[in-house]
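Asks: need a structure here:
(4 chains)
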Protein chains: 2
Amino acid sequence: MRTGRPTLADVAARAGVSTALASIVMREAPGASAATRRRVLEVAAQLGYHPDSRARLLRSGRSRLLGVVFGVQHAYHGDLVTGLYEAAEDLKYELTLSAVTDRRDERTAINSLLSDRCEALIILGPQSSTAELAALAARIPVVGVGRGLRHHALDVVRNDDVLGLHLAVDHLVGLGHRRIVHIDGGRIPGAAERRRGYQEAMRRHGLDTGVRVLPGGPTGEDGAAATAGLLADPPTAITAFNDLAATGVLDALRRAGLTVPGDVSVIGFDDSRLARLTYLDLTTIAQDTAEMTTLAVGRAIDRIEGTVVSRRELVIPPHLVVRGTTASPPR
Amino acid sequence: MRTGRPTLADVAARAGVSTALASIVMREAPGASAATRRRVLEVAAQLGYHPDSRARLLRSGRSRLLGVVFGVQHAYHGDLVTGLYEAAEDLKYELTLSAVTDRRDERTAINSLLSDRCEALIILGPQSSTAELAALAARIPVVGVGRGLRHHALDVVRNDDVLGLHLAVDHLVGLGHRRIVHIDGGRIPGAAERRRGYQEAMRRHGLDTGVRVLPGGPTGEDGAAATAGLLADPPTAITAFNDLAATGVLDALRRAGLTVPGDVSVIGFDDSRLARLTYLDLTTIAQDTAEMTTLAVGRAIDRIEGTVVSRRELVIPPHLVVRGTTASPPR
DNA sequence: TTGAAAGCGCTAACAT
DNA sequence: ATGTTAGCGCTTTCAA
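Replies: A predicted model of the protein is given here:
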């Protein structure tokens, strides 16, 4: 039984070359003959050799590592991580993931990344205070994704939540709705912007007097509870803070004997997996995930490489996804 | 402006001690006076020093790192990763995550972990062939989670899918159902076991002649399609391969004018977030996530530390979660 | 309790 | 094209 894993020295010895030469081969750097290259690679495969990334990075000074903090429970973060991998790969950087869970907070996740010598941090749905993140940014580039962070030292890539609700309201008004209610997200990041987007769009359509915002929250229960208060005099359309809340809205409406979209139209927000279920078939607002991840990685690398960048906050327009929960109002 | 991040040498110099002593303090190892400890820690905080985990691990030989391969898009993997973090923390090991995405395959994910010098691999829902994993296991302990892998070199922690369907059928029979249909998962891992569990349980209740397995799959569409074939002569209860398929079943039933659970009872499998939505309120079979993750980490560490282990496959009993989609059959 | 020195596995600079 | 040497930042002897 072998005690350790093979090192570059093992490979070099067995191939009858110096470690430096073996290193050149493993790195696919120029400066080795085809024959040597072949032999070294063969021995490496035979020995099951994998370069030690820690030694490699330790020596070469740079890690070309992008640290990503994400909520492993957030379905949407999964989509974002997928996009980040693609964007990073194209630019020859690698990702190191650090999860936030119920018992592992963002600080812990960040510290672990710092010890991994990442060259920049991409934080999905940052929860730390702006001050904390700004302090961090003094030592390493920090890019927040999804939540607005107003600070001159922080880069942010986020969805245009205001526009999202403009699109939702425009769609509904286009269908003929005038009595449109917004169910709020409370103090959840993004809620204020969505609320404002709703109000602005309503005014733009001359529906100032119809503006009606109900207190709500991000969960299905929040959506259902808010809807309960609506049943006495139901509107013809409801914009929910997010898809999950929208499911609560749908549930409450149907339990009350109202049909969707026959009696009431409903729009969610996020285009989560949930919305795509044929079972729900929810009209919703989709964030441009690919664009956001590409920009986040690009921005992180710009910072690392000292590229001068003008705008610190990148706001990405979402788009409307029409499915089965919106239609013209009953007449 | 400083060019790099502070090293242990920087901290040591500034605190007026040797790096060896500073190292002792940073590692919380015994052998430094309280005064020294305080001073070093203070300087470290002041400098924003974070130990370089690469150098640290390189030198100390061991990494105490557990590599975790997971599907970043799989909601359930999120639950598992959360559990793994907790289990590892308790045992003083750390986790390194490597995601599988549409464009990043399991092999890539594993190789990256190998280069990180993890001491064991925990693979959630392994997709590689048993042969491939067995070859890997010759070099590093491999623990598969969730999917059965029959090989003497591989450790596996998985849910008892057979028992899961026993529980489902027992529950339905207890409610008075006799006409119970199972919608199959096709070639998805676990489908064969669930099918067998259904058949066994039906026979155990003397319902041999009522055994009816419909071809299906893991998606909502699969569930809906299978249900369509049932509408001419609907059973009083349906066990679906998983929660997602169950949503398709519910949708198809309700569209056909049948009520759940009034006319037909439905049981899912997984207790995913989906099932817990008040909107769905799906009776389902829950895997014991905490138990599985604890055992997976324990088993990985047993292998690393050479503890002798008898059983290579650990099969964890799931439990029934009764919600709103099951009731007594119509009379 | 503290310090000096060696070296983990690798890459980079310089030789040949 | 290939080899030699030094050293990344840390931990680990070993000695003081």
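
Asks: can you report phi and psi for A:Ile123?
Replies: Note on A:Ile123: backbone dihedrals following degrees, to the nearest 10 are phi -110, psi 120.

Asks: look up the closest residue to it, ignoring the ones flanking it.
Replies: Spatial nearest neighbour of A:Ile123, chain neighbours left out: A:Val69 (4.5 Å); criterion: C-beta to C-beta, 6 or more residues apart in numbering or on different chains. Yep, even glycine has a C-beta here, placed from its N, CA and C like the rest.

Asks: any idea what that neighbour is bridged to?
Replies: Beta-bridge pairing for A:Val69 (DSSP bridges): A:Ser98, A:Ile123.

Asks: burial of it, as a residue count?
Replies: 27 (other C-beta atoms under 10 Å in any protein chain shown).

Asks: could you do A:Pro6 as well?
Replies: Counted with other C-beta under 10 Å, A:Pro6 comes out at 18.

Asks: what about it, distance to A:Asp52?
Replies: For A:Pro6, the distance to A:Asp52 equals 10 Å [C-beta to C-beta, to the nearest Å].

Asks: coming back round to it: who touches the residue nearest to A:Ile123 in this structure?
Replies: A:Ser98, A:Ala99, A:Val100, A:Glu106, A:Ala109, A:Ile110, A:Leu113, A:Leu121, A:Ile122, A:Ile123, A:Leu124, A:Pro126 (C-beta atoms under 8 Å, 6 or more residues apart in numbering or on different chains).

Asks: just the buried ones from those, in ChimeraX syntax?
Replies: In ChimeraX, a selection of the buried entries from the contacts of A:Val69 looks like this (16 or more other C-beta atoms under 10 Å in any protein chain shown):
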select /A:98,99,100,106,109,110,113,121,122,123,124,126
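
Asks: got the contacts of A:Val69 as JSON lines, with pLDDT and distance to DNA strand D columns?
Replies: Shown next, in JSON lines, are those (pLDDT from 0 to 100; distance: C-beta to the nearest atom of the strand, whole Å):
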{"residue": "A:Ser98", "pLDDT": "97", "distance to DNA strand D": "19"}
{"residue": "A:Ala99", "pLDDT": "97", "distance to DNA strand D": "23"}
{"residue": "A:Val100", "pLDDT": "97", "distance to DNA strand D": "25"}
{"residue": "A:Glu106", "pLDDT": "97", "distance to DNA strand D": "23"}
{"residue": "A:Ala109", "pLDDT": "97", "distance to DNA strand D": "20"}
{"residue": "A:Ile110", "pLDDT": "97", "distance to DNA strand D": "17"}
{"residue": "A:Leu113", "pLDDT": "96", "distance to DNA strand D": "15"}
{"residue": "A:Leu121", "pLDDT": "97", "distance to DNA strand D": "18"}
{"residue": "A:Ile122", "pLDDT": "98", "distance to DNA strand D": "23"}
{"residue": "A:Ile123", "pLDDT": "98", "distance to DNA strand D": "23"}
{"residue": "A:Leu124", "pLDDT": "97", "distance to DNA strand D": "27"}
{"residue": "A:Pro126", "pLDDT": "95", "distance to DNA strand D": "26"}
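
Asks: you'd agree A:Leu154 is up against A:Leu133?
Replies: Yes: with contact defined as C-beta atoms under 8 Å, A:Leu154 counts as touching A:Leu133 (5.8 Å).

Asks: which stretches in chain A count as helices?
Replies: A:8-15, A:19-26, A:34-47, A:53-60, A:75-90, A:106-115, A:130-137, A:161-175, A:191-204, A:220-228, A:243-255, A:273-276, A:289-304 (DSSP state H).

Asks: for the record, mean pLDDT for the last one?
Replies: Confidence for helix A:289-304, expressed as mean pLDDT, is 96.

Asks: do the first one as well
Replies: With pLDDT averaged residue by residue, helix A:8-15 scores 95.

Asks: and that helix, what other elements does it pack with?
Replies: Where contact means 3 or more C-beta pairs under 8 Å, 6 or more residues apart in numbering or on different chains; DSSP states H and E, helix A:8-15 is packed against helix A:19-26, helix A:34-47.

Asks: give me the most central residue, chain A.
Replies: Centroid-nearest residue in chain A, with C-alpha atoms, centre = their mean: A:Leu80, separated by 3.8 Å.

Asks: distance of A:Ala34 from DNA strand C?
Replies: 19 Å (C-beta to the nearest atom of the strand, to the nearest Å).

Asks: burial of that residue, as a residue count?
Replies: Using other C-beta under 10 Å, the number of residues around A:Ala34 comes to 7.

Asks: can you spell out which helices and strands pack onto the lowest-mean-pLDDT helix or strand in chain A?
Replies: Ranking every helix and strand in chain A by mean pLDDT, DSSP states H and E puts helix A:273-276 at the bottom, with a mean of 86. Applying 3+ C-beta pairs under 8 Å, 6+ apart, we find helix A:273-276 packed against helix A:243-255.

Asks: okay but A:Arg104 is in contact with B:Tyr85, surely?
Replies: Yes: the criterion here is C-beta under 8 Å, and A:Arg104 meets it with B:Tyr85 at 5.4 Å.

Asks: neighbour-wise, which of these two wins?
Replies: Per other C-beta under 10 Å, whichever of A:Arg104 and B:Tyr85 has more neighbours is B:Tyr85, with 25 against 19.

Asks: check contacts around that one.
Replies: A:Ala99, A:Thr101, A:Arg103, A:Arg104, B:Leu95.

Asks: the same query, at a cut-off of 6 Å, please.
Replies: By C-beta atoms under 6 Å, 6 or more residues apart in numbering or on different chains, the contact set of B:Tyr85 is A:Thr101, A:Arg104, B:Leu95.
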